[in-house]
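> Following is a predicted model, sequence given first.
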Amino acid sequence: MCIQVWASRWQANRVHTFASQTCTRGLDNDLSTPGDNGTFTRTFDVVVNPVNDRPTLTGINSLRIDKDAEERSVNISGVTAGGGESQPLRVTASSDDIGLIPNPSVIYNSADSSGTLKFTSLADQSGVATITVTVEDGALDGDLVTEADNLTYSRSFQVVIDAVNDLPLIDPIGNRSLDLNAVQQSIALSGILAGGGENQPLKVTAFSSDETVISITGVNYASAQSAGQLSITTQPDTIGVSVITVTVEDGGLDNDLSTIDDNAIAETSFEVSVGVSSFFHSGDTLVSFVRPAGQTITVSGDESILILELAEGVWFGDDTAVASGNGNRSLRVNDRNLSRFELIGKPDQAIEFDHPQGWRMADWDPQSEPNFRPIKSSDDATRLLYVNWAQPWQNLLQHSDVNNDGAVTALDALQVINELGR
């Protein structure tokens with residue numbers, strides 16, 4: 001007797017018919033002589049049910065980056081539905097420490113075998129975060145929305161963020177000018193920090209580029225404080241300009257100022273002029289100082305530009321679109337772009353106007369402007385030059401017309417007497 005079973009190749013979700021044949025050896029008891037052999041055949045069906053295979057994803061190597069690194073991209077590959085299946089796929093990524101690395105964004109199109117992760121570590125943070133990438137399939141119903149039958153597969157990798165010593169910080173210090181033989185000056189230092197959210201010991205030092213003009217007499221600063229004081233003094237009877245550099249040094253990653261190899265240094269510099277005519281900006285106000293003794297300055301200009309020309313010496317200051325003249329005798333000022341323009345001089349200096357008829361002394365309120373007297377344009381009353389020169393009550397345009405009424409009378413003499421008697 002023989003038994004034979006045969007069927008076609010098995011496939012999921014298909015009905016397969018199997019045939020079973022039983023045979024006997026016949027009367028001659030010989031299977032090799034089929035002429036007298038007998039056979040009996042039965043058939044039955046086997047149903048192969050589909051099973052959802054897990055999706056796949058190739059492993060991802062861990063990586064190391066510096067603190068505050070730029071956005072990083074990580075490629076992923078080997079993304080499939082698994083088991084030769086064709087299903088919609090979704091890829092997501094998560095971080096186990098969103099205070100270090102927020103959840104990465106994922107660039108992936110379903111059915112593609114590859115994609116990209118993008119992430120940026122948070123500022124001033126270091127440490128280790130584990131990123132988990134998950135592939136989810138749409139299961140047998142091919143629908144990602146019906147999650148109950150979906151399968152997932154995940155791979156994880158680490159991102160190590162190494163600490164980097166950030167530069168310390170200090171606020172900029174504006175240029176300034178001093179009179180000849182000025183007394184010791186105290187300059188405020190602010191915004192002193194270790195930088196990058198770090199907590200390190202700090203040291204503040206300062207030096208002068210020309211100690212024959214300006215010398216450093218002291219730096220008052222205690223580590224961990226955000227402010228301090230710098231003391232400077234002028235050298236006797238010396239006119240010139242010196243660059244003052246203030247340096248902030250941190251203790252590095254080992255928090256030790258004595259191990260200087262890993263320390264970081266930040267600097268800010270400013271210029272100090274002594275006995276030199278100067279100008280500087282304070283917000284939208286331009287302040288100009290005429291410092292040399294006996295100096296004469298001439299004011300001229302046109303509808304938009306005022307020119308302040310020195311009889312001798314040059315101006316010192318930062319050139320901008322509003323005012324320029326560093327290293328020149330003439331200071332050109334676009335006073336239409338200023339809310340206020342101040343000119344400060346001394347009693348032994350002289351101020352002249354090349355067109356006196358184009359200017360008039362403006363009304364003066366000694367309560368609100370005790371030191372500055374405004375001079376206005378005859379053609380445009382909104383164009384003002386605030387002058388601090390000699391005595392503010394004096395008429396710098398018509399010296400005899402003290403009360404600025406257009407005539408020289410006994411009232412002018414009386415006002416002089418009153419002012420001098422104050």
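Great, that's in hand.

> quick one: which helix or strand includes the residue nearest the centre of the chain?
The centre of the chain sits closest to Ala123, judged by Cα atoms, centre = their mean, with a distance of 11.2 Å. Ala123 belongs to no helix or strand when assigned by DSSP states H and E.

> For it, give its distance to Gln158.
20 Å (Cβ to Cβ, to the nearest Å). (Each C-beta comes from the backbone N, C-alpha and C, glycine too.)

> thinking again about what came up before, per-residue confidence at the residue nearest to the centre of the chain?
At Ala123, the pLDDT value in this model is 91.

> Look up the closest residue to it, ignoring the ones flanking it.
Closest residue in space to Ala123, ignoring its immediate chain neighbours: Asp68 at 6.0 Å, by Cβ to Cβ, 6 or more residues apart in numbering.

> Give the full set of residues in contact with the one you found.
Shown in contact with Asp68 (Cβ atoms under 8 Å, 6 or more residues apart in numbering): 121, 123-124, 164, 166, 196.

> List only buried entries from those.
121, 166, 196 (16 or more other Cβ atoms under 10 Å).

> Save these as CSV, and put in secondary structure too.
Compiled in CSV, these are given as follows (DSSP: H, G, I helix; E, B strand; the rest coil):
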residue, secondary structure
Ser121, coil
Asp166, coil
Gly196, coil
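
> ok, of these, which one's closest to Phe207?
Nearest to Phe207, judged by Cβ to Cβ, of these is Asp166 at 23.8 Å.

> Need the nearest residue in space to that closest one, chain neighbours excluded.
Computed as Cβ to Cβ, 6+ apart, the closest residue to Asp166 that is not its neighbour in sequence is Gly196, at 2.9 Å.

> Which residue, other than its chain neighbours, is closest to Ile344?
Take Ile344 and drop its neighbours on the chain: the residue closest to it by Cβ to Cβ, 6+ apart is Asn388, 4.5 Å away.

> where does the stretch 301-422 of the chain dip in pLDDT?
Residue ranges of the stretch 301-422 of the chain with pLDDT under 70: 390-422.

> where do the strands sit along it?
Assigned by DSSP state E, counting those that start in this stretch, the stretch 301-422 of the chain shows strands spanning 305-310, 323-324, 330-334, 340-344, 350-353, 359-361, 373-377, 384-388.

> what's the burial count for the nearest residue to Tyr386 once chain neighbours are set aside?
Spatially, and ignoring its direct neighbours in sequence, Tyr386 is nearest to Phe372 (4.2 Å; Cβ to Cβ, 6+ apart). Using other Cβ atoms under 10 Å, Phe372 has 19 other residues around it.

> again with Asp53
The tally of other residues near Asp53 (other Cβ under 10 Å) stands at 16.

> Against Ser113, how distant is it?
16 Å.

> Same question for Ala222.
For Ala222, the distance to Ser113 equals 61 Å [Cβ to Cβ].

> neighbour count winner among the two?
Ser113 (13 against 9).

> Looks like the more buried one contacts Ala81 (just checking).
No: Ser113 sits out of contact with Ala81 when judged by Cβ atoms under 8 Å, with a separation of 10.4 Å.

> Dump the buried ones among the contacts of Asp68 to CSV, plus distance to Asn61.
Shown next, in CSV, are the buried ones among the contacts of Asp68 (distance: Cβ to Cβ, whole Å):
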residue, distance to Asn61
Ser121, 18
Asp166, 28
Gly196, 28
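
> Let me know the closest of those residues to Val48.
Closest to Val48, out of all of the buried ones among the contacts of Asp68 and judged by Cβ to Cβ, is Ser121, at 50.1 Å.

> my read: that closest one touches Ala69, true?
Yes: the pair formed by Ser121 and Ala69 meets the contact definition of Cβ under 8 Å, at 6.4 Å.
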